[in-house]
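Asker: Test case, fold it:
(one chain, ligands or ions: 1)
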Amino acid sequence: MDIHIPAQRIPILAEADIVVCGGGPAGIAAAVSAARAGASTILIERWATVGGMATNALVNAWHRSDREKVVIDGLVEECCVRAEAGGWIRRDPGYPRVHETHWFEPEGMTVVFHRLLDEAKVRTFCHLALGEPVVEDGRIRAVLVDTKRGRRAIAGRIFIDATGDGDLAVKAGMPFGYGREEDGLVQGCTLVFGLHGIDPAARAAAGGDAAVNAAVEVLKTMRDRGEFPPFNVGNCGHLLRNARDHDLWNMLPVIGDILDEEEITRMNVLARERLVRYLEVWRREVPGFASAQIERTGHALGVRESRRVQGLKTLDRDMVLQARKQPDAIGHGVWMIDIHDPKGSGYTTYLNGNKGWLVAGTSYHIPLSMCLTDRIANLGFVGRCASTTHEGLSSVRVQTHCMVMGQGVGTCAALALQRGCDMTDFPVAELQRRLRADGVHLQDVPDA
Ligand SMILES: Cc1cc2nc3c(=O)[nH]c(=O)nc-3n(C[C@H](O)[C@H](O)[C@H](O)COP(=O)(O)OP(=O)(O)OC[C@H]3O[C@@H](n4cnc5c(N)ncnc54)[C@H](O)[C@@H]3O)c2cc1C
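Answerer: This next block holds a predicted model:
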């Protein structure tokens, strides 16, 4: 049975040129860039603080290099500089010859992100989940939100979906993909956590790496017998051998339909039960872990893949691996095809062995048109929910790449409003000039 709601008059809570829904890396970059380019801007975020997976799920590694040089700058570089000033980020020792160029402290990055938004005068509403959009004549006029004081509307001229799940775009009627072509399964999720009470001296005294490796074999045997939860063996082994207190552990898989609230609740609870079981066994089996305790966990389960909204161009595996260049480029991408097993083994599957990697020294272009549509003229979508295949997403989902999309689309939105045109009609060469002036690395752009 359905419930019928009588027509209501909804008060307007706030109004701006540009409304960004979702305050993860993509949404922050979009909102800050739009505001800096002169548009009044609102950001709506359902959690208590912005940062999305970077802060609330403790995902703290950034990828900026093609393994020879850094090719992702702009707002990403600005965040690194600000985080360095706060002592919240470190460069990888292999910089810039490794993909993973920076590691940050999520608490510090939360502060960096909120400062950026405040300084740009973005009106930021946390604790506010997006409801239904109001669509009239092919344009979004407002989005509804349920506040503690009742239902309200947030009105705007351009809307940017940065929810990671494509909530706004899909509720507005946009087509989308979800999961692998063959079975609809999305990449595995991970609960990231930190520990304290690790004793590196005890680990070394018991035989160091050799002793830990032997313990990992015990864990694998127990797992195969169903006595120990699944785990990412590579990451787990590395961390058991090297981790110190406060390091962040990215190795605990869970799977399911992340768009089903009841199921994701179950997944989150299961992940926490698995962590408790890990520790019970590690204290007994792994040297140096006898007194280890849980220090923190991601407030949210780490989600890698959700709805992929269908845009004007769809980023796929070949565009990534062949390092394709695009006339409407808004920045570069470097990350590999990196698929975390949708069946939950905890393993990362690189296509055909190591062939998921781009050739060192090369990068692909992130096109503006993977974030735009001609179905709803005043809508953009950035970050995890932009237009990709399952494989294309596995590369471009990383935070720095999502921020490239956010900066490009946020800037485009503000400039298009100033010109009085839609984003799809804004001259891309002019946008690219502006992005370069704002520090974005943008090279080898072919003619249209
Ligand atoms: C375990 C794990 C490890 C990873 N490893 C790396 C890594 O090493 N390096 C890397 O760069 N990337 C990594 N990633 C990927 C990366 O973190 C995400 O793909 C990236 O954060 C996506 O950015 P986003 O802004 O598009 O989405 P998100 O970070 O998911 O942010 C979306 C935001 O929108 C908000 N939101 C959602 N729905 C609504 C709504 N209806 N109303 C209001 N707000 C809403 C959310 O609360 C969230 O804050 C990893 C991901 C996971 C899960």
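Asker: All the strands of the stretch 151-300 of the chain, residue numbers only.
Answerer: 176-177, 189-190, 193-196, 248-249, 253-254, 293-297 (DSSP state E, counting those that start in this stretch).
Asker: now the ones you listed in TSV, with mean pLDDT and distance to residue 231?
Answerer: Just so you know, the C-beta spots here come from the backbone N, C-alpha and C atoms, and that holds for glycine as well. Listed next are the strands of the stretch 151-300 of the chain as TSV, based on pLDDT from 0 to 100; distance: least, CB to CB, whole Å:
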stretch	mean pLDDT	distance to residue 231
strand 176-177	98	29
strand 189-190	97	10
strand 193-196	98	12
strand 248-249	98	10
strand 253-254	96	7
strand 293-297	98	15
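Asker: Specify the stretch among those that is closest to the ligand.
Answerer: strand 189-190 (3.4 Å; CB to the nearest ligand atom).
Asker: Residue 43 and the ligand: what is the separation?
Answerer: Distance, residue 43 to the ligand, using CB to the nearest ligand atom, to the nearest Å: 9 Å.
Asker: Report whether stretch 400-414 contacts the ligand.
Answerer: Yes: under the criterion of CB under 6 Å from any ligand atom, stretch 400-414 makes contact with the ligand via 400, 402.
Asker: if we can go back for a sec, reformat the strands of the stretch 151-300 of the chain as a markdown table; add distance to residue 170.
Answerer: Formatted as a markdown table, the strands of the stretch 151-300 of the chain follow (distance: least, CB to CB, whole Å):
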| stretch | distance to residue 170 |
| --- | --- |
| strand 176-177 | 5 |
| strand 189-190 | 20 |
| strand 193-196 | 31 |
| strand 248-249 | 31 |
| strand 253-254 | 24 |
| strand 293-297 | 29 |
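Asker: Around the ligand, which positions in this protein sit nearby?
Answerer: For the chain, the contact set with the ligand under CB under 6 Å from any ligand atom comprises 21-27, 44-47, 52-54, 57, 59, 61-63, 129-130, 162-165, 167, 190, 192, 250, 302-304, 383-384, 397-400, 402.
Asker: Could you count how many residues lie near the residue nearest to residue 347 when sequence neighbours are not counted?
Answerer: Spatially, and ignoring its direct neighbours in sequence, residue 347 is nearest to residue 341 (5.0 Å; CB to CB, 6 or more residues apart in numbering). Using other CB atoms under 10 Å, residue 341 is surrounded by 17 other residues.
Asker: can you list the domains in this protein?
Answerer: Listed domain ranges for the chain are 12-182+305-437, 189-297 (source: automatic domain parsing).
Asker: Not counting its own residues, what contacts stretch 250-263?
Answerer: 59, 165, 178, 185-186, 188-193, 229-232, 235-236, 239, 264, 266-268, 270-271, 274-275, 278, 301-303, 306-307, 340-346 (CB atoms under 8 Å, 6 or more residues apart in numbering).
Asker: Which residues are in contact with residue 363?
Answerer: Residues in contact with residue 363 (CB under 8 Å, 6+ apart) are 66, 71, 323, 332-334.
Asker: Farthest-apart pair in those, please.
Answerer: The span of the contacts of residue 363, defined through CB to CB, is set by 71 and 323 at 10.8 Å.
Asker: Of the two, which one has the most company?
Answerer: Using other CB under 10 Å, the more surrounded residue of residue 71 and residue 323 is residue 71, with 21 against 18.
Asker: mind listing what the residue nearest to the more buried one when sequence neighbours are not counted touches?
Answerer: Nearest residue to residue 71, sequence neighbours excluded (CB to CB, 6+ apart): residue 332, at 4.3 Å. Residue 332 makes contact with 66, 71-72, 363-366, 404, 441-443 under the criterion CB under 8 Å, 6+ apart.
Asker: Surely residue 407 is within a helix?
Answerer: Yes: counting by DSSP: H, G, I helix; E, B strand; the rest coil, residue 407 is part of a helix.
Asker: Wait, it touches residue 438, no?
Answerer: Yes: using CB atoms under 8 Å, residue 407 makes contact with residue 438 at a distance of 7.3 Å.
Asker: What's the separation between residue 367 and residue 392?
Answerer: Note on residue 367: its distance to residue 392, by CB to CB, to the nearest Å, is 11 Å.
Asker: and for these two, which residues touch both?
Answerer: By CB under 8 Å, 6+ apart, the residues touching both residue 367 and residue 392 are residue 315.
Asker: of those two, who's got more company?
Answerer: residue 367 (27 against 24).
Asker: Enumerate the beta-bridge partners assigned to that one.
Answerer: In this entry, residue 367 is beta-bridged to residue 329, by DSSP bridges.
Asker: what about it, distance to residue 409?
Answerer: 11 Å.
Asker: Now do the shared contacts for those two.
Answerer: residue 330.
Asker: Would you mind finding the longest helix in the protein?
Answerer: Assignment by DSSP state H gives helix 261-285 as the longest helix of the chain.
Asker: Nearest residue to the most centrally placed residue in the chain in space, please, no chain neighbours.
Answerer: Centrality entry for the chain: nearest residue to the mean C-alpha point is residue 399, 4.8 Å, by CA atoms, centre = their mean. Leaving aside its chain neighbours, residue 399 sits nearest to residue 25 (4.2 Å; criterion: CB to CB, 6+ apart).
Asker: Run a quick neighbour tally on that neighbour.
Answerer: Neighbour count of residue 25, defined by other CB under 10 Å: 35.
Asker: Endpoints of stretch 380-395, how far apart?
Answerer: 20 Å (CA to CA, to the nearest Å).
Asker: Got phi/psi on the residue in the stretch 251-400 of the chain that the ligand sits nearest to?
Answerer: Closest approach between the stretch 251-400 of the chain and the ligand, counting by CB to the nearest ligand atom: residue 383, at 2.1 Å. The phi/psi pair for residue 383 (degrees, to the nearest 10) reads phi 80, psi -150.
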